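Novice: My questions concern the predicted model and sequence given below.
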Amino acid sequence: MKMKTFRRVVSGVIINLFFIACCFLALLPILYALSVSLDAKGSLLSSDFSFIPKEFTLAHYIKVFTEEPVLLWFRNTMLLTAATVALAMATAVPAAYVFSRKRFAGRSVVLRILLLLYSFPSILSMFAIYKLMSAFGLVNTHIGLIIIYAGTMSVFALLNMKGYFDAIPVEIEEAGRIDGCSDLNIVTKIVLPLARPTLNVTGVMIVNFVWNEYIFSINFLTGSDRMTLASGLYSLQATETSGSWPMFAAASLVVSFPILVIFFLSQKHMISGLTSGGVKG
Amino acid sequence: MKKSNRTIAGKRTAVAYLVSAPSLVLIFLIVVFPILYTGYISLTNMNTYHWFDFRIIGLRNYERALLVFDSGFLSALLMTVIWTAVNMALQLIIAFLIANLLNVRHLPLRNVYKTILMFPWAMPGYVSILLWKTGMFNSEFGLLTQWMKELSGLTVRWLQNDLSAFICCTVVNLWLALPFMIMIMDGGLKSIDRSFYESATIDGAGSIRQAVFITLPCLKPIIGPSVMITLFTTFKQFDIIYLMTQQVGSQTGAHIHTIITYAYENAFITNNYGYSSAISIMIFVLLIVFAQTTKRRGKEADA
């Protein structure tokens, strides 16, 4: 009996040590960036290595906000994100509802095409999109990027929300109709409140996409006053020959902070919202 | 009567398309048209020298990609397959182990560990990749470089040769992708009926036999869709390899290409627009075939 408790204690200790190591690995780049960004002593390690800064300073953070137009990038990103979410949701919600509830000619063909398009990575047609945008004079404008982002996310938004609408029983709507609700009233008073979870998850996914998108914005925008946080951070990168690593570390953490907050607030809904939606693979 | 039915159906179709028109137009403009246009460019010789005076050259770009062995496309394709296989295998095994350990009894700090392990998933992807590149692998201030220097006195250039760059990219990909997989497996494990294990224990099955004959078969259908999603994102991976090794002006010397970085390089670095478009179209076809076969097999498994 004693042998058994002893074994249990040992395996408990080993498992906990294992998880502490895992957590350390999961946080390693973030902790290192944090410690470098708060240390006045410069970026190189001394031989007595520790993650606690020797000389605590906020100078790198102050520099990020005063020497680089981070606040402007932040404003640009907020603007792009809000406009993209608004455009994509305003167009995709009615479309998703119609494709879920109504039966009409060409419906299944369009749905099948949308599923095929879903697997297409937009980066592959970036050159064609560039040509299209330059024909409309929208290269290097925020409006151009908003249209691109909204269009790219529309396929996902439409299919994901359609999948969720499918799961809402039609009987609820029929009951409303018997009680004299108009079509519009049924959507705004019954369907949308029921669909709140999928609206939230789809919205968060679009926010995440715009916040993390850098390849279109570095290729389509020039001039640091138009940049987004992602393309701005890209331009701040430190290499062996240029840039400042402590400042880049500080900027990285500043940029990540809002997304971390959104993530941990929405985490509970994310997994179910992603896997129960209509899009798989 | 028949006629009015038809007009009602016609009216319903018209209303449906009217309501969904904004979304469908947006999708046509940003997704469908560019694909069609890419298909058109893939039949031309458009590049920096033939920017305006390009002409149709038929399928020659496709021929070059598929038949000229050192064109780079086939080796990039092979690389992508290896990349996907290695990453998926490691990811599934490690996530399975960690998820199982998260579910042992008497683990009071379970939720603390889980929350911390979510951080790599929560961070914006490109920020994490850049932090790994600069903070871990950079030859001057990279943490791993400095540790190696302490240990052996050598300065290792992690991203300079192909094999070590591949390993570094794999490490970063695992770091980024494991949290999602662990969460999915953790959720799957929780849904397995405890009584299966109890009766297996009574029948004298050890923990390895239980894992193989109870956990794995029960887990498979639950994690299936998420594994498919991850398989596709791994296959389509661009950010990690591009940001780690190929950024304009700071190439590290490694030449590892997945098909997507290969298409990107040909369009935006060497400006072979026609050739790059042919690559893009072939990748699209490949992804469609891939998606259709996995879907069909999924359906057969369900039935």
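Specialist: Okay, I see it. Numbers count the residues shown, from 1 in each chain, chains lettered A, B, ... in the order given.

Novice: can we go C-alpha only for contacts and neighbour counts from here?
Specialist: Fine.

Novice: all helices of the stretch 1-150 of chain A, in order?
Specialist: Applying DSSP state H, counting those that start in this stretch to the stretch 1-150 of chain A gives helices spanning A:2-37, A:59-67, A:70-101, A:107-118, A:126-135, A:142-166.

Novice: Could you do the stretch 51-200 of chain B as well?
Specialist: Going by DSSP H, counting those that start in this stretch, the stretch 51-200 of chain B shows helices at B:60-67, B:73-102, B:110-117, B:119-122, B:125-131, B:143-152, B:162-190, B:194-202.

Novice: right, so those helices: which one is the most enclosed?
Specialist: helix B:125-131 (a mean of 23; mean count of other C-alpha atoms under 10 Å in any protein chain shown).

Novice: ok, residues contacting it?
Specialist: A:29-30, A:33, A:212, A:214, A:230, A:237, A:249, A:252, A:256, B:120, B:172, B:176, B:239-240, B:243-244 (C-alpha atoms under 8 Å, 6 or more residues apart in numbering or on different chains).

Novice: just stretch B:83-102 next, same as before
Specialist: Counting by C-alpha under 8 Å, 6+ apart, A:15, B:110, B:170, B:173-174, B:177-179, B:181-183, B:185-186, B:189, B:231, B:234-235 sit against stretch B:83-102.

Novice: Determine how far it lies from the middle of the whole chain.
Specialist: 15 Å (C-alpha atoms, centre = their mean, to the nearest Å).

Novice: just stretch A:78-86 next, same as before
Specialist: Distance, centroid of stretch A:78-86 to centroid of chain: 12 Å (C-alpha atoms, centre = their mean).

Novice: Please spell out which residues along that stretch are buried.
Specialist: Buried residues in stretch A:78-86, counted by 16 or more other C-alpha atoms under 10 Å in any protein chain shown: A:Met78, A:Leu80, A:Thr81, A:Ala82, A:Ala83, A:Thr84, A:Val85, A:Ala86.

Novice: Buried ones among the contacts of helix B:125-131?
Specialist: A:29-30, A:33, A:212, A:214, A:230, A:237, A:249, A:252, A:256, B:120, B:172, B:176, B:239-240, B:243-244.

Novice: Nearest residue to B:Ala200 in space, ignoring adjacent ones along the chain?
Specialist: B:Gln210 (7.0 Å; C-alpha to C-alpha, 6 or more residues apart in numbering or on different chains).

Novice: okay, that neighbour: pLDDT?
Specialist: Listed pLDDT for B:Gln210 reads 82.

Novice: Compute the number of surrounding residues for the residue of chain B found nearest chain A.
Specialist: Per C-alpha to the nearest C-alpha, B:Ser20 is where chain B lies closest to chain A, at 4.0 Å. Number of residues near B:Ser20 (other C-alpha atoms under 10 Å in any protein chain shown) recorded here: 20.

Novice: tell me the contacts of it?
Specialist: Here B:Ser20 is in contact with A:Thr91, A:Ala92, A:Pro94, A:Ala95, A:Ala96, A:Val98 (C-alpha under 8 Å, 6+ apart).

Novice: Of the residues you listed, which are in range of chain B?
Specialist: By C-alpha under 8 Å from any C-alpha of the partner chain, the members of the contacts of B:Ser20 lying near chain B are A:Thr91, A:Ala92, A:Pro94, A:Ala95, A:Ala96, A:Val98.

Novice: Tell me the most packed of these, by neighbour count.
Specialist: A:Ala92 (32 neighbours).

Novice: just checking, the residue nearest to B:Ala200 is part of a helix?
Specialist: Yes - according to DSSP: H, G, I helix; E, B strand; the rest coil, B:Gln210 belongs to a helix.

Novice: Make sure it is actually in contact with B:Ser199.
Specialist: No - the criterion here is C-alpha atoms under 8 Å, and B:Gln210 misses it with B:Ser199 at 10.4 Å.

Novice: buried sites along stretch B:236-253?
Specialist: For stretch B:236-253, by 16+ other C-alpha under 10 Å, it's B:Lys236, B:Gln237, B:Phe238, B:Asp239, B:Ile240, B:Ile241, B:Tyr242, B:Leu243, B:Met244, B:Thr245, B:Gln246, B:Thr252.

Novice: Then stretch A:127-135?
Specialist: For stretch A:127-135, by 16+ other C-alpha under 10 Å, it's A:Phe127, A:Ala128, A:Ile129, A:Tyr130, A:Leu132, A:Met133.

Novice: Which of the residues you listed sits closest to A:Val155?
Specialist: Minimum distance to A:Val155 across the buried residues of stretch A:127-135 is 16.2 Å, recorded for A:Ile129 (C-alpha to C-alpha).

Novice: Check the gap between that closest one and A:Thr57 for me.
Specialist: 45 Å (C-alpha to C-alpha, to the nearest Å).
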